[in-house]
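Participant: only the shape, not the letters, is given here:
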């Protein structure tokens, strides 16, 4: 090796230093951008400007308070989970009327995926008889719930999407009992046993 050639260790150190410098610049820029966005929001106190910012789409939904959830839903009214979470907060705050409407929106927005939406809806319904007795809505939601419950035992038995191991299984049994369908609740429970025996 010629005497004027740098050793390999020197080259590796130079490359490492360059990579470290690039990484430091990226982190610094990311921090600066985040700080500027946060500062702009605090100065204007206007959430509208954040609508187009590079926030995660569920930023407001994860704030965990009623006002933030309502704002999130004004941007994304098809988020059934946000409607359900808003209903929980409203019910906890002693506002069953608003909670009932939020749970209804959760069920109507996404009727197939989560039995908890139905359970919350039917549990709060007796607290708001003037709303719950709206025949068309209640009948439609009851019929939809029963339709999904009737096909659910087979999904549990086959453990489709691991549903037998999820909380959705428990919610389905609760919902069946709320709808005065004890035989259907037992059928779902038996399907769970079948699912376990298939695993072993």
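Facilitator: In hand now; what should we look at? If you're wondering where the values come from, they're calculated on a predicted model, not measured in any experiment. Numbers count the residues shown, from 1 in each chain.
Participant: got the domain boundaries for this structure?
Facilitator: Using automatic domain parsing, the domain parsing of the chain gives 16-44, 58-199.
Participant: all helices for the chain, in order.
Facilitator: 8-44, 66-75, 80-92, 96-109, 115-124, 129-132, 135-158, 167-178, 182-199 (DSSP state H).
Participant: least reliable of the domains of the chain by average pLDDT, please.
Facilitator: Lowest mean pLDDT of the domains of the chain: domain 16-44, a mean of 73.
Participant: how about it: buried residues?
Facilitator: Buried positions in domain 16-44, judged by neighbour count with 16 or more other C-beta atoms under 10 Å: none. All C-beta spots, glycine's among them, are computed from the backbone N, C-alpha and C.
Participant: ok, now which ones touch the spatially most central residue of the chain?
Facilitator: Geometric centre of the chain, nearest residue: residue 81, 4.4 Å, by C-alpha atoms, centre = their mean. With contact taken as C-beta atoms under 8 Å, 6 or more residues apart in numbering, residue 81 is in contact with 61, 106, 110, 114.
Participant: now, which of these sits nearest residue 142?
Facilitator: residue 106 (15.4 Å; C-beta to C-beta).
Participant: winner for burial among the helices of the chain?
Facilitator: helix 115-124 (a mean of 24; mean count of other C-beta atoms under 10 Å).
Participant: contacts for that helix, please.
Facilitator: 80, 84, 87-88, 91, 96, 99-100, 103-104, 106-107, 110-111, 141, 145, 148-149, 167-168, 171-172, 174-175, 178-179.
Participant: now do 7 Å
Facilitator: With C-beta atoms under 7 Å, 6 or more residues apart in numbering as the test, helix 115-124 has contacts from 80, 84, 87, 91, 96, 99-100, 103-104, 106-107, 141, 145, 168, 171-172, 174-175, 178.
Participant: gap between that helix and the chain center?
Facilitator: 16 Å (C-alpha atoms, centre = their mean, to the nearest Å).
Participant: what angle do it and helix 182-199 make?
Facilitator: Here the directions of helix 115-124 and helix 182-199 differ by 160 degrees (axes from the mean of the first three to the mean of the last three C-alpha atoms, to 10 degrees).
Participant: give me phi/psi at residue 113?
Facilitator: phi -90, psi -30 (degrees, to the nearest 10).
Participant: typo on my end, residue 179
Facilitator: The phi/psi pair for residue 179 (degrees, to the nearest 10) is phi -90, psi 10.
Participant: so what's residue 163 closest to, chain neighbours aside?
Facilitator: residue 155 (5.5 Å; C-beta to C-beta, 6 or more residues apart in numbering).
Participant: tell me how far the one you found lies from residue 120.
Facilitator: Going from residue 155 to residue 120 by C-beta to C-beta, to the nearest Å gives 21 Å.
Participant: same check, this time on residue 60
Facilitator: 21 Å.
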